[in-house]
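In: pasting the sequence and the predicted coordinates here, then a few questions.
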Amino acid sequence: MLYYKTQEEIEILRESSLLVAKTLAEVAKAIRPGVTTLALDKIAETFIRDNNAVPAFLNYNGFPNSLCISVNSQVVHGIPNTKELSDGDICSVDCGVLKNGFYGDSAYTFSIGEVDDETLQLLRVTKESLYKGIEMAIAGNRLGDVSHAIQAHAELNGYSVVRELVGHGIGRHLHEKPEVPNYGKRGSGLVLREGLVIAIEPMINMGVKGVVHEKDGWTVRTADNKPSAHFEHTVAIRKVSADILSSFEFIEKAVSSNIQNKVIN
Ligand code: MG
Ligand code: MG
């Protein structure tokens, strides 16, 4: 079942998505070498609750925390813990909230201190791949056009696309139909219509595309232990261009004022 949202519902989804963006900005202010991912999780949970919302990931299928924080070769679904981040790490922070009955979902990969150029390039290209996908997310195009655009940009730059995890519809449920793969054939799949709201979230690996699951039952890691990056926006399908409901603006403003970190462009 596909749910097409009314304009009123999209505005509520925007509020949820912007709260996610602002929560990630709070994380951005605090993220640096020496901070634990559990401390970042607490910052996020407090901020979400202070804004009259509920962390969407907490207790989702038993997930123990509010943020998924995945470091270096961890792809997604990392569990916050008491280990400190180190200079040179990259750190994907995925956040979801439920507010006024609708979910928002967005993710950003941060560089911690001085990160090597090769890894910064992976972050840059992954973020670009997300926007390449969003460019194709317009009414009349097909889902495969979005997927293909993401895959083509990542692979053209020598990276690989994770197959096991995909983007998704979002609304009154965190994960709705359709699935939004980050790989696919142009001109294939569902025809996109106005009112469809999807989370587009490329997970791009520096090395092989294969992933393994860690023993904690959640964390997904690259099979070759090379770095992986993840960027995600919640977007509404429109006729001329997609309406990006989440935002990286707050995050990137916070990152640039956090001298421990740098914005990647
Ligand atoms: Mg997410
Ligand atoms: Mg998502």
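Out: Good, I have the coordinates. A quick note: this is a predicted structure, and the numbers were derived from the prediction, not measured. Numbers count the residues shown, from 1 in each chain. Ligands and ions are numbered 1, 2, ... in the order given.

In: can you give me the strands for the stretch 151-265 of the chain?
Out: Applying DSSP state E, counting those that start in this stretch to the stretch 151-265 of the chain gives strands spanning 160-161, 167-169, 176-180, 197-200, 203-205, 211-213, 220-222, 228-230, 233-236, 243-244.

In: show me the contact partners of the fourth one.
Out: Under the contact criterion C-beta atoms under 8 Å, 6 or more residues apart in numbering, strand 197-200 has outside partners 5, 10, 13, 105-106, 130, 133-134, 137, 146, 150, 167-171, 178, 180, 232-237, 245. (C-beta placed from N, C-alpha, C; glycine too.)

In: burial measure for V255, as a count.
Out: As a burial measure, V255 scores 24 neighbours (other C-beta atoms under 10 Å).

In: averaged pLDDT, stretch 88-102. What do you get?
Out: Throughout stretch 88-102, pLDDT has a mean value of 98.

In: that stretch vs ligand 1: in contact?
Out: Yes - judged by C-beta under 5 Å from the ion, stretch 88-102 comes into contact with ligand 1 at D94.

In: in that stretch, what's buried?
Out: Neighbour counts over stretch 88-102 (16 or more other C-beta atoms under 10 Å) mark 89-99, 102 as buried.

In: and the contacts of strand 197-200 near ligand 2, which?
Out: Residues of these in contact with ligand 2 (C-beta under 5 Å from the ion): D105.

In: list the beta-bridge partners for the residue of the stretch 101-250 of the chain found nearest ligand 1.
Out: For the stretch 101-250 of the chain and ligand 1, the shortest gap (C-beta to the ion) falls at D105, measuring 4.2 Å. Beta bridges link D105 to G96 when assigned by DSSP bridges.

In: and it, what's its pLDDT?
Out: 98.

In: where does pLDDT dip in this protein?
Out: 259-265 (pLDDT under 70).

In: close to ligand 2: what parts of it are there?
Out: 105, 199.

In: the longest helix along the chain - contacts with which helices or strands?
Out: As assigned by DSSP state H, the longest helix anywhere in the chain is helix 7-30. Packing partners of helix 7-30 (3 or more C-beta pairs under 8 Å, 6 or more residues apart in numbering; DSSP states H and E): helix 37-50, strand 90-99, strand 102-111, strand 233-236, helix 249-257.

In: got the angle for it vs strand 102-111?
Out: Helix 7-30 and strand 102-111 are oriented at 30 degrees to each other (axes from the mean of the first three to the mean of the last three C-alpha atoms, to 10 degrees).

In: please renumber so the chain begins at 788
Out: In the new count, where the first residue is 788, that last one comes out as helix 794-817.

In: by how many degrees do helix 794-817 and strand 877-886 diverge?
Out: 140 degrees.

In: what about helix 794-817, near ligand 1?
Out: No - if you take C-beta under 5 Å from the ion as the test, helix 794-817 misses ligand 1, and the best it gets is 8.4 Å.
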